[in-house]
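Undergrad: fold the following and give me the result.
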Amino acid sequence: MLRAMPGTGAIRGLPSTDQGILFDPSRPQYGEPQGYRNVPQHLRSEIRADVRPQQYAFGRSFKEHVDLLAGPPGIEKIRALEIEAVRRTLNNALFPVVERYGGPRRVWGMGDVAHSRVVEEVAAAFQDKMENLRGEIDRIWSTLMCLDQRVAEMIWLVERCDGLGNQLCDAALMGRMGGW
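TA: Below is the predicted model of the structure:
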């Protein structure tokens, strides 16, 4: 939300009030039209009771992802397998760096300079691992094969991406989600 200073409306040809005007780009998510309002009008308005931002339980998207992995062969499953290979690869790259610095709590508790150093190290590890994975994924997509064979190749790739870092990150995720 952007609040323009009092009196600026008249300068730009917008309605002016003593309290200014508001530009709120989030209005469409509440079923309201995009535009501007003067501050008193905004303060008097009520959010529609039938339109509310939605909240979801932690892990909801991951559960949806797992459902796609278990689904029938098709392009959605191939894309889910590709995402799974990336997720596992990033977990495997992240874990040893964070572990070397004493775990997530220690990393988050570091000062800015030390934390920035860890972030740079994680980014370098991600880049290295993702370059290798990209080559594997490109090979699968560029090789002429039937759908079932492409799914099988992606499953094989995902299985090869399941290292200790991913297993430990998944265990932490499952603990946070409270299992299934």
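Undergrad: run through who's touching stretch 155-172.
TA: Contacts with stretch 155-172, where a contact means Cβ atoms under 8 Å, 6 or more residues apart in numbering, come from 81, 84-85, 87-89, 91-96, 133, 136-137, 140. No exception for glycine: its C-beta is placed from N, CA and C like everyone else's.
Undergrad: what comes up buried for it?
TA: Within stretch 155-172, the residues scored as buried using 16 or more other Cβ atoms under 10 Å are 155, 157-158, 161-163, 165-166, 169.
Undergrad: for stretch 57-75, same thing?
TA: Residues of stretch 57-75 classed as buried: 59, 68, 73 (neighbour count, 16+ other Cβ under 10 Å).
Undergrad: so which residue is dead centre in this structure?
TA: Closest residue to the average C-alpha location of the chain: S61 at 9.8 Å, with Cα atoms, centre = their mean.
Undergrad: closest one of the buried residues of stretch 57-75 to V113?
TA: Closest approach to V113 among these (Cβ to Cβ): G59, at 33.5 Å.
Undergrad: excluding its backbone neighbours, what's nearest that closest one?
TA: M177 (3.7 Å; Cβ to Cβ, 6 or more residues apart in numbering).
Undergrad: run a quick neighbour tally on the one you found.
TA: Using other Cβ atoms under 10 Å, M177 has 14 neighbouring residues.
Undergrad: while we're on it, how confident is the model there?
TA: Here the pLDDT value assigned to M177 is 87.
Undergrad: hmm, it is touching V66, no?
TA: No. Using Cβ atoms under 8 Å, M177 is not in contact with V66; the gap is 10.8 Å.
Undergrad: taking the contacts of stretch 155-172, tell me the two that lie furthest apart.
TA: The distance between the two most remote of those (Cβ to Cβ) is 26.4 Å, for P96 and I140.
Undergrad: quick one: which of those two has more around it?
TA: I140 (21 against 14).
Undergrad: hang on, the more buried one in a strand?
TA: No. According to DSSP: H, G, I helix; E, B strand; the rest coil, I140 belongs to no strand; its state is helix.
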